[in-house]
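[1] fold the following and give me the result.
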Amino acid sequence: MEFRWKVKERARTYISRMEDSVQGEGGSAAMFKVAVVLMRGFSLSEAEGMELLAEWNETHARPRWSPTEMRHKIADGAKADRPEGYLLRANSHEQAPSYKPKTPPRVEPRRSARERTPTWPAFSPLTDDDRDRIAILRKVPAAAVEVVRRAGLLGKAHYEGHDCFIMGEGKFAQARRFDGGLLPVQGGRQQSKAKNLPGSEGAFIGRKWAVGSKCPVLLVEGVIGLVEAIAALMMARDALDWTCLAAVSASSRFARDPYLLHALAGRRVHIVPDAGTTGWESAGAWLNELEKAGAHVQVEPVPLPVACKDLGDVVSRVYQNASPDDDIHFQGCVQRAPDDLREYLKDIFS
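    Residues are numbered from 1 along each chain as shown. Here you go, the predicted model:
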């Protein structure tokens with residue numbers, strides 16, 4: 001995880017110094033050069049390249065390019081005749097060319113919060129034992145944790161005096177202790193099981209999957225909820241063509257991520273709100289934003305089973321019935337689960 005985040009940050013910094021895309025002044029060529037840097041120079045995935053190009057488009061393009069035009073540029077950049085990863089070489093000292101814009105910039109590029117705050121701890125890859133510890137702690141299949149690990153959204157670090165696993169995407173990261181203990185928040189005045197790293201920015205995690213496909217989306221609340229949503233997809237027989245997305249908090253809004261919102265237009269989105277007033281208020285806000293963008297949204301397609309406050313409770317109660325003989329989709333533990341849990345996993349994706 002450290003490597004991918006570092007590469008993306010290097011790429012973000014590099015393209016921030018590249019020439020603006022200005023209509024009538026070689027704007028198309030300027031954007032193509034950025035796409036080549038992202039796709040060939042830093043060897044990013046299509047989703048990662050689109051994410052950074054969309055950010056660059058907001059501050060460096062006059063007028064802004066449409067998502068369709070950016071996708072074409074990313075595709076063209078990936079085919080460019082440049083060596084794969086030519087800006088990743090250990091001995092590469094290439095710098096983005098400095099330039100003097102012919103016209104004043106439309107907006108002053110903002111410095112990211114990461115640049116104004118203390119550096120994050122050094123991240124290390126998860127071992128298989130680490131993965132299994134998380135699965136046991138969260139009472140979910142290790143296979144669900146493995147999906148997140150392979151996506152580059154999970155790592156570990158020694159943070160606040162404890163061994164922690166870190167979930168993050170882009171400029172957002174959240175720490176949780178491997179032993180399930182508490183971490184100091186709000187300057188040490190309170191404690192919480194989850195703590196966002198200083199300067200974290202972002203409203204949703206799992207966006208790489210949502211942006212990179214046209215699948216229906218299961219939307220849940222909470223960073224760790226992404227793992228639980230993946231587990232639910234694995235357990236539900238009719239959910240193999242779905243993907244998932246998690247709001248990092250109840251206050252997350254799509255207004256902070258217009259590119260993600262655009263990517264969800266025209267798609268099915270099922271929201272599973274946390275129980276309680278706050279969870280339902282958040283779900284209502286997401287429903288309003290998504291419907292205005294043209295998504296086909298359902299909030300709580302079916303009620304949560306009794307005694308379950310969120311999807312994580314459903315998953316953990318179903319997984320209690322697991323057997324070593326169950327296959328990767330865990331149909332065995334689902335069939336052995338109580339009727340209300342089994343029906344919930346079926347109906348939530350229907």
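
[2] please save the CA atoms from the strand ranked longest in the chain in PDB.
    Assignment by DSSP state E gives strand 162-169 as the longest strand of the chain. Only the C-alpha atoms of strand 162-169 are listed here, as PDB (Å, rounded to 0.1, in the frame of the first residue of the first chain):
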ATOM      1  CA  HIS A 162       0.200   0.600  18.700                       C
ATOM      2  CA  ASP A 163       0.300  -1.800  15.800                       C
ATOM      3  CA  CYS A 164      -2.500  -0.800  13.500                       C
ATOM      4  CA  PHE A 165      -4.000  -1.700  10.200                       C
ATOM      5  CA  ILE A 166      -4.600   1.200   7.800                       C
ATOM      6  CA  MET A 167      -7.400   1.400   5.300                       C
ATOM      7  CA  GLY A 168      -7.100   4.200   2.800                       C
ATOM      8  CA  GLU A 169      -7.500   5.400  -0.800                       C
END
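
[3] other SSEs contacting it?
    With contacts taken as 3 or more Cβ pairs under 8 Å, 6 or more residues apart in numbering; DSSP states H and E, strand 162-169 sits against strand 154-159, strand 172-177, strand 204-205. For every residue, glycine as well, the C-beta is placed using N, CA and C.

[4] give me the contact list for the second one.
    Spelled out, it's strand 172-177. 5, 120, 157, 159-160, 162-168, 183, 193-197, 200-202, 205, 223-224, 248 (Cβ atoms under 8 Å, 6 or more residues apart in numbering).

[5] now do 7 Å
    120, 159, 162, 164-168, 183, 193-197, 200-202, 205, 223-224, 248 (Cβ atoms under 7 Å, 6 or more residues apart in numbering).

[6] of those residues, buried ones?
    120, 159, 164-168, 183, 194-197, 200, 202, 205, 223-224, 248 (16 or more other Cβ atoms under 10 Å).

[7] returning to that earlier point: tell me which of the helices and strands packed on strand 162-169 sits most buried.
    Between the helices and strands packed on strand 162-169, strand 204-205 has the highest mean count of neighbours, a mean of 26, where neighbours are mean count of other Cβ atoms under 10 Å.

[8] strands along this structure, start to end?
    Assigned by DSSP E, the chain shows strands spanning 21-22, 61-62, 154-159, 162-169, 172-177, 183-185, 190-192, 194-196, 204-205, 217-221, 243-247, 268-271, 296-299.
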